[in-house]
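# Provide a 3D model corresponding to the input given below.
(4 chains)
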There are 2 protein chains.
Amino acid sequence: MVSINDVSKKAGVAKSTVSKVLNNYPFVSDETRKKVEKAVKELRYVPNSVAVSLSKKNFNKAALIIGGESQFQYAAEICLQYLSSAFKQSKKYNMDVITLFSEQFSKMLREDIINFFRAEHINCIILYGYSQVNKYLCEALNSDGFYIVMVDADFYSDRVSSVSINHKKAQYEVAKKTIEENDIHNIILYLAGKKDDNPIMLAKLKAMEELRKELGFQLIVKYTNYSEKKARELVLKYGKDAHIIICANDIMAIGSVFALTEMDIFRPVCGFDGILLTGYTQVAVNTVKQAYSEMSIQAFHELNRLLEGKLGRHKEMHYEVTTIRYMDIIR
Amino acid sequence: MVSINDVSKKAGVAKSTVSKVLNNYPFVSDETRKKVEKAVKELRYVPNSVAVSLSKKNFNKAALIIGGESQFQYAAEICLQYLSSAFKQSKKYNMDVITLFSEQFSKMLREDIINFFRAEHINCIILYGYSQVNKYLCEALNSDGFYIVMVDADFYSDRVSSVSINHKKAQYEVAKKTIEENDIHNIILYLAGKKDDNPIMLAKLKAMEELRKELGFQLIVKYTNYSEKKARELVLKYGKDAHIIICANDIMAIGSVFALTEMDIFRPVCGFDGILLTGYTQVAVNTVKQAYSEMSIQAFHELNRLLEGKLGRHKEMHYEVTTIRYMDIIR
DNA sequence: TTGTACGCGTTATCAA
DNA sequence: TTGATAACGCGTACAA
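Presented below is the predicted three-dimensional model:
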């Protein structure tokens, strides 16, 4: 391994001088700079990042935590978009990252979780899919001195930022579009997520409530735990009496479409998230397409703001109300 | 940050003694050991991995390279299984990893690629989906002194190991099962991958050829670049005249099923890989289920063998011929 | 059995 | 403008 010593020898200068050239210090003569650059090039020298970290006392390490059940088909697609962006950003910001899945914490207590992060020397967290993350993990994260960015949440404090779309607005728009595209809409079945105080779920519900007041239909709300199977069962049971089915995410929309197919009836269905899997229903489904890659990029940006000492904030991302069709998504 | 010095002070011993206790050296008295352990516990001391790496001159860094077009739905599922296992293993073996997608190298030349790895100080490579990786990348990897494990390939040399199932045997079995489940099978359409010298593709083709000799049907082979769209087109064109459609991977099987649905005819279809997406065709599809997580685990095992100085080898993994149904895969 | 001293590759301070 | 030297946190040969 070629080190800074080799370079300094070859260039005939002190290693501290080499370091200065490499780190763009001022007050280096053009002549020495050139000598050093030549040696660097010839030896193909690249600084050892481990030594740099130690010297700079730069021990930042971020955990990318994926919430929810990543092993399921629909989640994989979103995860991978989050992650592939995140990996690129981690290089850009020269930050060590490890990737974790929130399932791994499901059997751990608060204390265990804190110790785990301490043992890994993690001081930064990017939490993808906050609503899916378990309670103990959230507690642990809030307790200690982490810098946290939550993706798909809308909450901030001194050392916590968040990144998400405006769920309420998006839910309103995609539902309205779906309703307006169809004439009959006296009864609307809305498949919500888990019945708890999750702010995102509440925001979407509020959007539906506003829409109901505005357009005057009958709104039937059912909770599903974001389960495809549960959505399927609910549609088999209540789908016939509804004119439109609106779902809080795409996977429930998919379950709904297949249930309708099985019942041999048609109802317009709309989803939320914009995953490609929706195309495999072979039915055009309205949905809200989120820019997952860009959200991940933004998350790193926010993390670096926090590390620079700036206070946490919420960043709203753009989205697109669109329709997914099988023929558009295959290649 | 609490360092080894803090521990040594608190325990009233030299820091080298602390190090010895932590690294399980012999010849440490029970008394000092206990003193040290107490201090470690009270201070919640955890060794700084950066300093450890520097001190041990342990600069191993592995690149996990995902071949193929990861942004597509079907690939995401496989990728994520590979990766989630890999991340766990990387912690177990205490190895730094970065995750890359082979697309990123598509516009780089051999020299650029080598420089890239050098700049990242990467000396180990785990290559997922070798057949999908571009030529320049393979050349670059072979040229330099990397330790390489290829997942889903069957090739080894001194510093290269590989991990895969027996593709030929698996293709033979799943095809035979599908054929035997159905009476009429005079004409069989086989959708192969890309027409090149990819060994896996050839192995599968050979399996089909053997089966043809054994059972005596007419085998029509078409090449698809593993494209769902292309499979769809081929089935629209040739599907009517075939009695069974056998595909070299699941995504082509999916394209085939939807094409058949559109033509309003039924033909048994079998795939390969065992991805859940297949369930969304709403048709029971025979396929070969691969243990992606375990393959990733094995890959790390092989990598460590190489790092220990052992020679490369091929490791055959198990698989399962199975049927995927929608109701089994949803939750 | 324990402690001293040095090296790992780099950056930063300060004297020259 | 440059160079010597002390950190950074840890492991380890070698001396005690």
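# okay, CA-based contacts and neighbour counts for the rest of this
Noted.
# got the phi and psi for the residue sitting nearest the centre point of chain A?
Nearest to the geometric centre of chain A sits residue A:128, at 4.1 Å (C-alpha atoms, centre = their mean). In terms of degrees, to the nearest 10, the main-chain angles of residue A:128 are phi -100, psi 120.
# so it is in contact with residue A:151, correct?
Yes - the pair residue A:128 / residue A:151 is scored as a contact, 4.8 Å apart, by C-alpha atoms under 8 Å.
# got the residues of the stretch 51-200 of chain A near DNA strand C?
A:51-52, A:54-56 (C-alpha under 7 Å from any atom of the strand).
# ok, which of those residues also contact chain B?
Within the set of those, contact with chain B (C-alpha under 8 Å from any C-alpha of the partner chain) is found for A:51, A:54.
# switch the residues of the stretch 51-200 of chain A next to DNA strand C over to TSV; also include secondary structure.
Output for these, formatted as TSV (DSSP: H, G, I helix; E, B strand; the rest coil):
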residue	secondary structure
A:51	helix
A:52	helix
A:54	helix
A:55	helix
A:56	helix
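# buried only: go through the residues of the stretch 51-200 of chain A next to DNA strand C for me.
Among those, the ones that count as buried by 16 or more other C-alpha atoms under 10 Å in any protein chain shown are residue A:54.
# now the residues of the stretch 51-200 of chain A next to DNA strand C as CSV including pLDDT?
Shown next, in CSV, are those (pLDDT from 0 to 100):
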residue, pLDDT
A:51, 94
A:52, 93
A:54, 93
A:55, 93
A:56, 90
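# closest to DNA strand D out of the residues of the stretch 51-200 of chain A next to DNA strand C?
Ranked by distance to DNA strand D (C-alpha to the nearest atom of the strand), these are led by residue A:55 at 3.1 Å.
# for the residues of the stretch 51-200 of chain A next to DNA strand C, work out which two are farthest apart.
Spatial extent of those (C-alpha to C-alpha) is set by the pair A:51 and A:56 at 8.4 Å.
# what count of nearby residues applies to the closest residue to residue A:97 other than its chain neighbours?
In space, and not counting its chain neighbours, residue A:97 is closest to residue A:62: 4.7 Å by C-alpha to C-alpha, 6 or more residues apart in numbering or on different chains. By the measure other C-alpha atoms under 10 Å in any protein chain shown, the count of residues near residue A:62 is 25.
# sec struct for residue A:62, please.
strand.
# local confidence estimate at it?
Residue A:62 is assigned a predicted lDDT (pLDDT) of 95.
# for residue A:68, same thing?
Reading off the model, residue A:68 has pLDDT 75.
# burial of it, as a residue count?
Residues lying near residue A:68 (other C-alpha under 10 Å) number 19.
# just checking, it touches residue A:132?
Yes - at 4.8 Å, residue A:68 counts as touching residue A:132 under the criterion of C-alpha under 8 Å.
# please report how far the residue in the stretch 151-300 of chain A that DNA strand C sits nearest to lies from DNA strand D.
Nearest residue of the stretch 151-300 of chain A to DNA strand C, counting by C-alpha to the nearest atom of the strand: residue A:300, 22.4 Å away. To DNA strand D, residue A:300 is 25 Å away according to C-alpha to the nearest atom of the strand, to the nearest Å.
# where's that residue, which helix or strand?
Using DSSP states H and E, residue A:300 maps to helix A:292-307.
# buried residues, that helix. List them.
By neighbour count on 16+ other C-alpha under 10 Å, the buried set for helix A:292-307 is A:292-300, A:302-307.
# run the chain-centre distance for that helix.
Centroid separation for helix A:292-307 versus its chain: 10 Å, with C-alpha atoms, centre = their mean, to the nearest Å.
# before we move on, what about stretch A:112-132?
Centroid separation for stretch A:112-132 versus its chain: 15 Å, with C-alpha atoms, centre = their mean.
# low pLDDT regions in the stretch 201-331 of chain A?
By pLDDT under 70, the stretch 201-331 of chain A has no low-scoring segment.
# in chain A, which spans are strands?
In chain A, the strands defined using DSSP state E lie at A:61-66, A:96-101, A:124-128, A:147-151, A:160-165, A:187-192, A:218-223, A:244-247, A:269-270, A:285-290, A:314-317, A:319-324.
# out of those, flag the one nearest DNA strand D.
DNA strand D sits nearest to strand A:61-66 of all the strands of chain A, at 14.4 Å, using C-alpha to the nearest atom of the strand.
# how close does residue A:268 sit to residue A:192?
According to C-alpha to C-alpha, to the nearest Å, residue A:268 and residue A:192 sit 17 Å apart.
# check residue A:102 too.
In this view, residue A:102 and residue A:192 are 22 Å apart by C-alpha to C-alpha.
# what residue in the stretch 151-300 of chain A comes nearest to chain B?
residue A:229 (5.1 Å; C-alpha to the nearest C-alpha).
# hang on, residue A:314 packs against residue A:158?
No - using C-alpha under 8 Å, residue A:314 makes no contact with residue A:158, being 11.3 Å away.
# between these two, which one's more packed in?
Legend: neighbour count by other C-alpha under 10 Å for residue A:314 and residue A:158, higher for residue A:314 (19 against 13).
# excluding chain neighbours, give the residue nearest to the residue in the stretch 201-331 of chain A that DNA strand D sits nearest to in space.
Of all residues in the stretch 201-331 of chain A, residue A:307 sits closest to DNA strand D, at 18.1 Å by C-alpha to the nearest atom of the strand. Excluding the flanking residues, the one nearest residue A:307 by C-alpha to C-alpha, 6+ apart is residue A:147, at 7.3 Å.
# quick one: contacts for the one you found?
Counting by C-alpha atoms under 8 Å, 6 or more residues apart in numbering or on different chains, residue A:147 makes contact with A:123-125, A:159-160, A:303, A:306-307.
# return the per-residue confidence for residue A:168.
pLDDT at residue A:168 comes out at 98.
# kindly apply the preceding question to residue A:131 instead.
For residue A:131, pLDDT reads 69.
# what do you get for residue A:127?
At residue A:127, pLDDT is 93.
# show me where chain A has helices.
For chain A, the helices defined by DSSP state H cover A:4-11, A:15-22, A:30-43, A:49-56, A:73-92, A:110-119, A:135-143, A:167-180, A:199-215, A:228-238, A:250-263, A:292-307, A:326-329.
# deepest-packed of those, please.
Per-stretch averages of neighbours, counted by mean count of other C-alpha atoms under 10 Å in any protein chain shown, single out helix A:250-263 among the helices of chain A, with a mean of 23.
# which strands or helices does that helix pack on?
With contacts taken as 3 or more C-alpha pairs under 8 Å, 6 or more residues apart in numbering or on different chains; DSSP states H and E, helix A:250-263 sits against helix A:228-238, strand A:244-247, strand A:269-270.
# between the ones you listed, which gets nearest to residue B:95?
Of all the helices and strands packed on helix A:250-263, it is helix A:228-238 that lies closest to residue B:95, at 37.7 Å by C-alpha to C-alpha.
# mind saving the C-alpha coords of the closest one as PDB?
Taking Å, rounded to 0.1, in the frame of the first residue of the first chain, the C-alpha atoms of helix A:228-238 are listed here in PDB:
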ATOM      1  CA  GLU A 228     -53.000  -6.800   1.100                       C
ATOM      2  CA  LYS A 229     -54.900  -9.800   2.400                       C
ATOM      3  CA  LYS A 230     -57.000  -7.700   4.700                       C
ATOM      4  CA  ALA A 231     -57.800  -5.300   1.900                       C
ATOM      5  CA  ARG A 232     -58.800  -8.200  -0.200                       C
ATOM      6  CA  GLU A 233     -61.200  -9.500   2.500                       C
ATOM      7  CA  LEU A 234     -62.700  -6.100   3.000                       C
ATOM      8  CA  VAL A 235     -63.400  -5.600  -0.700                       C
ATOM      9  CA  LEU A 236     -64.900  -9.100  -0.900                       C
ATOM     10  CA  LYS A 237     -67.200  -8.100   1.900                       C
ATOM     11  CA  TYR A 238     -68.000  -4.400   1.200                       C
END
